[in-house]
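**Q** Next input, structure requested:
(one chain, ligands or ions: 1)
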Amino acid sequence: MFRRTRTTEPARSAEALRLVKVRKVYGSAGNAVTALDDVSLSLPAGSFTAVMGPSGSGKSTLLQCAAGLDRPDSGLVMVDGAEMTGGSEAALTKFRRRRIGFVFQQYNLLPTLTVAQNTTLPLKLAGRHVDRARAGEILAQVGLGDRLGHRPDQLSGGQRQRVAIARALVTEPAVIFADEPTGALDTRSARDVLGLLQRTVRVHGGTVVMVTHDPVAASYADSVLFLADGRLAGRLTAPTVDAVAERLAHLGDAVDHGANPAHHGGANPARHDLTAGV
Ligand code: ADP
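**A** Predicted structure coming up:
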């Protein structure tokens, strides 16, 4: 799915994502909340990173700013060696459509489109050639090669999320951002989806950044970044479930175990229209 020979894109930068002093403040004066407090980080291409932290620590804001769905108040976001911050709204949208893929908790598939049409929608929106054979190829890789003509409501939650992953992969993005991708799934479907994200990185050389509150999900990543109060509060490489859970516990007693699912699942659809992340 990331075969470079198929496209005319230039070679990939070794650094998939860089944030330099990214700052985001909501509200003003008396009731200002610093959601991101000068966050800097660098993620190499071909890495799978989980982002964790207590509720309100800035995970969603980090993802929104890093993925170009929202703009930081200051600081720099570089994706695949190119600066994303700055420029017009139209330029940002174009940049996002070319270089970034999204997977959301609630799938965000368009109900009137078939599985194949949902998968190729990002190509269409980017004005690129829509190759139906390619949709079939990618859907086969996520185990849905026999469902091209189905509608989302004819699929299980796990299958819908696999379509969302196929849709995220179709443009061969530099980074795929996943926001609680297993939050609405049963254990087995969650495992399938996490395995797929892992394969995207290990087999196909993609880069995945995943916000999650679940230590099991985080253990599929190569490393975990912890956030607290809008700042990076540590990093764990080769994470195990126990090590992640322990680190989270030490971040404070406000550790989020999904007590407020509406916040997690609602973050993206509530703030953005359905095709913003396509
Ligand atoms: P997390 O995803 O870790 O739960 P968020 O990034 O959603 O954290 O939020 C970080 C902080 O910013 C929180 O204090 C939250 O209340 C605040 N915040 C997030 N979005 C908004 C918004 N649109 N308006 C005002 N405050 C916000």
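**Q** any weak-confidence spans in the protein?
**A** Applying pLDDT under 70 to the chain flags the ranges 1-10, 252-278.
**Q** my guess is Arg97 contacts Leu125, does it?
**A** Yes. Arg97 is in contact with Leu125 according to CB atoms under 8 Å; the separation is 5.8 Å. In short, each C-beta sits where N, CA and C put it, glycine included.
**Q** So between those two, which is more surrounded?
**A** For Arg97 and Leu125, the more surrounded residue by other CB atoms under 10 Å is Arg97, and the numbers stand at 20 against 14.
**Q** who's in contact with that one?
**A** Under the criterion of CB atoms under 8 Å, 6 or more residues apart in numbering, the contact list for Arg97 reads 122, 125-126, 171, 278.
**Q** May I ask which helix or strand encompasses the residue most central in space within the chain?
**A** Note on the chain: the residue nearest the mean C-alpha position is Phe177, at 1.4 Å, using CA atoms, centre = their mean. Here Phe177 sits within strand 175-179, counting by DSSP states H and E.
**Q** now that strand, how far from the centre of its chain.
**A** 1 Å (CA atoms, centre = their mean, to the nearest Å).
**Q** So is that strand next to the ligand?
**A** No. For a cut-off given as CB under 6 Å from any ligand atom, strand 175-179 has no contacts with the ligand; the smallest distance is 8.8 Å.
**Q** Tell me which residues are up against that strand.
**A** 16-17, 43, 60, 63, 66-67, 79-80, 99-105, 168-169, 197, 200, 206-211, 264, 267-268.
**Q** do that again at 7 Å, thanks
**A** Residues external to strand 175-179 that are found in contact with it (CB atoms under 7 Å, 6 or more residues apart in numbering): 16-17, 60, 63, 66-67, 79, 100-105, 168, 197, 200, 206-211, 267-268.
**Q** Can you tell me which residues in the stretch 51-200 of the chain are near the ligand?
**A** Proximity of the stretch 51-200 of the chain to the ligand is confined to 53, 55-61 under the rule CB under 6 Å from any ligand atom.
**Q** Just give me the closest of those residues to Leu139.
**A** The nearest member of these to Leu139, counting by CB to CB, is Ser60 at 28.9 Å.
**Q** Confirm that that closest one lies within a helix, as I assumed.
**A** Yes. Inclusion of Ser60 in a helix is indicated when DSSP: H, G, I helix; E, B strand; the rest coil is applied.
**Q** Spell out the residue ranges of the helices in the stretch 1-150 of the chain.
**A** When assigned using DSSP state H, counting those that start in this stretch, the helices of the stretch 1-150 of the chain occupy the ranges 59-66, 89-99, 115-125, 132-141.
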